[in-house]
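K.L.:
Could you look at this predicted model? Sequence included:
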Amino acid sequence: MQRYDDPDENSTVIGYEIFQEAIRVYFRDGSAYLYNYFTPRPEKVERLKLLAVAGDGLHTYIAQAVRHRYAMKIR
């Protein structure tokens, strides 16, 4: 897991793992979600990856554009 480097330290995201066609996002409450090319779609997954690496805006994008469209809840 890569640590999510949020400069404001106000995100509920703590880490992520990037795969070729997916991203797994880890949250402060212990939950983790897998987003892949099937759910929510390739363009959204690629945006999630960019925001994760940038370290800013990931939680906001999930809350506004992705919402509950995830492939799997891990924990």
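P.N.:
Ah, there it is. Computed from a predicted structure; not experimentally measured.
K.L.:
any idea how far the one residue sitting closest to the centre of the chain lies from L58?
P.N.:
Centrality entry for the chain: nearest residue to the mean C-alpha point is V25, 4.0 Å, by CA atoms, centre = their mean. Going from V25 to L58 by CB to CB, to the nearest Å gives 7 Å. (Each C-beta comes from the backbone N, C-alpha and C, glycine too.)
K.L.:
Wait, G55 touches Y4, no?
P.N.:
Yes. With contact defined as CB atoms under 8 Å, G55 reaches Y4; the gap is 6.3 Å.
K.L.:
how far out from the middle of the chain is whichever strand or helix holds L51?
P.N.:
If you go by DSSP states H and E, L51 is part of helix 42-54. On the basis of CA atoms, centre = their mean, to the nearest Å, helix 42-54 is displaced by 8 Å from the centre of the chain it belongs to.
K.L.:
Buried ones in that helix, by neighbour count?
P.N.:
Buried residues in helix 42-54, counted by 16 or more other CB atoms under 10 Å: K44, V45, R47, L48, K49, L51, A52.
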